[in-house]
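Novice: Here is a sequence together with a model predicted from it:
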Amino acid sequence: MLRSLNNLENFKISASDGIIGRVRDFYFDDGRWIIRYLVADTEGFWHAPHQVLVSPNAFRQAEWNTREFHLALTVDNVRNSPGVDFAKPVSRQLEEDFSQYHGWPTWWSERPGEPDYGDPNLRSAREVVGYPITATGDGIGHVEDFIVDDETWTIRYLVVDTSNWLPGKKVLLAPLWVDRISWAEHEVTVGLPVEAIRNSPEWRPEQPVNRDYESRLYDYYGRPAYWIDERK
């Protein structure tokens, strides 16, 4: 099911033998547009403030009614995991140390034959929220949220607030329509005309992203839908 990352923030994180913290953030790579890590904030649950990475290999399920995120890890697994300096990008070396500690394969070795993006320096989803978005011709708004598939943890859409023009209107853009994210300039660039985005189907946060809306969105832009490509 497609879910908002913003809505997952502050979910209580439950290990197999106790609560370990709350959802603080997610790290993704913008080569494959997939979530690589959850950032668990354990402050208040242990003796000292601590933030750790949790791989989707450990995700069980998110209970939306109780706002609880379940992990296939023990409290000690999380407590003793490799430390992370969140002032720096997440490097390939850190990821290798992390995978070795948990005994999991590295994500770049799980899909042989796919292009190797090298050291992607994974970035924070919270950091990108607020980045202005520039389309062909002008700015159109800013990133407000990400919509993810909670089974594969693939980012399906960026939520764009177009309040530069129309207060309150939000639209969705597929990651494949993004030309680049500039970390230095704190900006997202898309190769679509401003007017096309301005007049695209509106998305309302109180409504789920369903296949009917997705079909209208892809038909509007004349682009092949991701679920058709994935079936192929």
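Specialist: It's in.

Novice: from here on, contacts and neighbour counts on C-alpha atoms
Specialist: OK.

Novice: pretty sure Asp76 is in a helix, no?
Specialist: Yes. Judged by DSSP: H, G, I helix; E, B strand; the rest coil, Asp76 forms part of a helix.

Novice: need the contact list for it.
Specialist: The contact partners of Asp76, by C-alpha atoms under 8 Å, 6 or more residues apart in numbering, come to none.

Novice: Would you point out which residue is most central in this structure?
Specialist: Among the residues of the chain, Ile35 comes closest to the average C-alpha position under C-alpha atoms, centre = their mean, at 4.9 Å.

Novice: if I look at that one, how far off is Glu9?
Specialist: Per C-alpha to C-alpha, to the nearest Å, Ile35 is found 14 Å from Glu9.

Novice: same deal with Ser99?
Specialist: Applying C-alpha to C-alpha to Ser99 and Glu9 gives a distance of 24 Å.

Novice: Who has more neighbours out of those two?
Specialist: Ser99 (18 against 15; other C-alpha atoms under 10 Å).

Novice: For the protein, which segments are assigned as helices?
Specialist: All helices of the chain, identified by DSSP state H, fall at 5-8, 75-79, 92-102, 125-128, 194-198, 211-221, 226-231.

Novice: Would you mind giving those as TSV with distance to Thr42 and mean pLDDT added?
Specialist: Output for those, formatted as TSV (distance: least, C-alpha to C-alpha, whole Å; pLDDT from 0 to 100):
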stretch	distance to Thr42	mean pLDDT
helix 5-8	16	94
helix 75-79	9	88
helix 92-102	18	86
helix 125-128	18	93
helix 194-198	40	89
helix 211-221	37	96
helix 226-231	36	77
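
Novice: what domains does the record give for this structure?
Specialist: 2-109, 129-231 (automatic domain parsing).

Novice: Work out the gap between the longest one and the centre of the chain.
Specialist: I take that to be domain 2-109. In this view, domain 2-109 has its centroid 12 Å away from the chain centroid, taken as C-alpha atoms, centre = their mean, to the nearest Å.
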